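Asks: Here is a sequence together with a model predicted from it:
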Amino acid sequence: MSRSVLVTGGNRGIGLAIAQAFAEAGDKVAITSRSGEVPEALAKHDVLAVRCDINDTAQVDAAFTEIEAKNGPVEVLVANAGITKDVLMLRMTEEDFTSVVDTNLTGTFRVVKRASAKMLRARKGRVVLISSVVGTTGSPGQANYAASKAGLIGFARSLAREFGPRSITVNVVAPGFVDTDMTAVLSDERRAEIVSGVALGRYAQPAEIASTVRFLASDEAAYITGAVIPVDGGLGMGH
């Protein structure tokens, strides 16, 4: 059956691939982004694009109201929207730190809270949070980003226990380095350095993250909750 699926930050990169995967499976997909535009890659699908800044509770509520009116209550939420502001600790300003945590962690709280009210009433739902291998391994210059992504794990596991009695699963996908616009700006030297630590010796493709997310939202994954699934080519093994 076609479900109402929301992917935040679904206009590019990993989020776009996730939205494509659900749309191709026949689900009713909505995406949020700050622009509110439908990406060209999704033009052939009947995808609803809604303008939303997840830092603004009123915008989050308005986005959900529009999605619910057009697609029905959100049954699958993929919280993917996030930002980076990489800088070494001694140069990191308080705004560098708080803006990343506020968007990546508190922004996720806002969308999950809004979605979960109707999931709890319906006694069903799937929540997938997009974290990062950096949330468990750490990374120089990414103390703010790593803190926000590590926070998603504790957040998800608390909600897995809270929502479990209502048959709602909450899981985390932790990608490694993925071939997107964000990583394309890295120098060849830096890319080679990163790949040297990946057991599979390559970057992930966005579709490889998307397939894991779609599995966690499927009936086959109904007994998986509170899990952190690494899709990192072996980069974070042991963490």
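Replies: Here it is on my side, so go on.

Asks: so what does the longest helix along the chain touch, helix or strand wise?
Replies: Secondary structure of the chain per DSSP state H: the longest helix is helix 143-163. If contacts are counted by 3 or more Cβ pairs under 8 Å, 6 or more residues apart in numbering; DSSP states H and E, helix 143-163 sits against helix 94-101, helix 107-122, strand 125-130, helix 134-137, strand 168-175. All C-beta spots, glycine's among them, are computed from the backbone N, C-alpha and C.

Asks: Could you check the angle it makes with strand 125-130?
Replies: 160 degrees (axes from the mean of the first three to the mean of the last three Cα atoms, to 10 degrees).

Asks: Just give me how far helix 143-163 sits from the chain centre.
Replies: Centre-to-centre, helix 143-163 and its host chain are 12 Å apart (Cα atoms, centre = their mean, to the nearest Å).

Asks: for the nearest residue to Ile130 once chain neighbours are set aside, what are its contacts?
Replies: Spatial nearest neighbour of Ile130, chain neighbours left out: Asn80 (4.3 Å); criterion: Cβ to Cβ, 6 or more residues apart in numbering. Neighbour list for Asn80: 7-10, 14-15, 18, 130 [criterion: Cβ atoms under 8 Å, 6 or more residues apart in numbering].

Asks: between those, which is closest to Lys149?
Replies: Using Cβ to Cβ, the shortest approach to Lys149 within those belongs to Ile130, at 8.7 Å.

Asks: burial count for Ala49?
Replies: Neighbours of Ala49 under the rule other Cβ atoms under 10 Å: 19.

Asks: any idea how far it is from Thr57?
Replies: Applying Cβ to Cβ, to the nearest Å, the value for Ala49 to Thr57 is 20 Å.

Asks: just Asn71 next, same as before
Replies: 21 Å.

Asks: Among the two, which residue is more densely surrounded?
Replies: Neighbours per residue, other Cβ under 10 Å: of Asn71 and Thr57, the larger number sits with Asn71, 21 against 15.

Asks: Please identify the buried residues of the longest helix of the chain?
Replies: 143-153, 155-157, 159-160, 163 (16 or more other Cβ atoms under 10 Å).

Asks: what sits up against that helix?
Replies: 82, 84-86, 89, 92, 96-97, 100-101, 103-105, 108-109, 112, 116, 119-120, 125, 127, 129, 131-132, 134-136, 138-139, 169-172, 174, 225-226, 228.
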